[in-house]
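>>> Next comes the sequence, and after it the predicted model I'd like to discuss.
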Amino acid sequence: MIEFRAFTCCYCGGRVDLLPGKGRTRCLEAGIPLSIPDDFLLPTCRKCGEQYMCVEISGPLDALLARLYPPKKAL
């Protein structure tokens with residue numbers, strides 16, 4: 001797990017913590033949204049819900065999504 005320090009949301013001034021969540025998606029390629037597992041922790045504002053992404057989070061998240069949704073082989 002990465003070392004994370006809470007910070008202030010630049011949109012609403014709320015506190016940003018690593019939080020799980022439902023209904024989140026991320027596009028890896030071709031603009032197709034992939035569901036992020038509910039228990040994956042993302043930096044998220046507790047007040048407005050804004051999500052923040054950084055290299056330390058996106059690398060492990062992209063690797064997880066690549067395992068969960070392997071690319072389809074061409075016919």
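Yes, it's here.

>>> Show me the shaky parts of the chain.
Applying pLDDT under 70 to the chain flags residues 1, 74-75.

>>> So which residues of it form helices?
With DSSP state H as the criterion, the chain has helices at 55-68.

>>> In contact with the one residue sitting closest to the centre of the chain: list those residues for me.
In the chain, the residue lying closest to the centroid (CA atoms, centre = their mean) is Leu42, at 4.8 Å. If a contact means CB atoms under 8 Å, 6 or more residues apart in numbering, then Leu42 has Leu18, Leu19, Gly21, Arg24, Ile36, Gln51, Tyr52, Met53, Ile57, Leu61 as its contacts. Using the backbone N, CA and C atoms, a C-beta is placed for each residue, glycine as well.

>>> Take the residues you listed and keep only those in strands.
Of the contacts of Leu42, the ones assigned to strands by DSSP state E are Leu18, Leu19.

>>> Identify the bridge partners of the residue nearest to the centre of the chain.
Leu19 (DSSP bridges).

>>> ChimeraX command for the buried members of the contacts of Leu42?
This is how ChimeraX selects the buried members of the contacts of Leu42, with burial counted by 16 or more other CB atoms under 10 Å:
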select :24,36,57,61
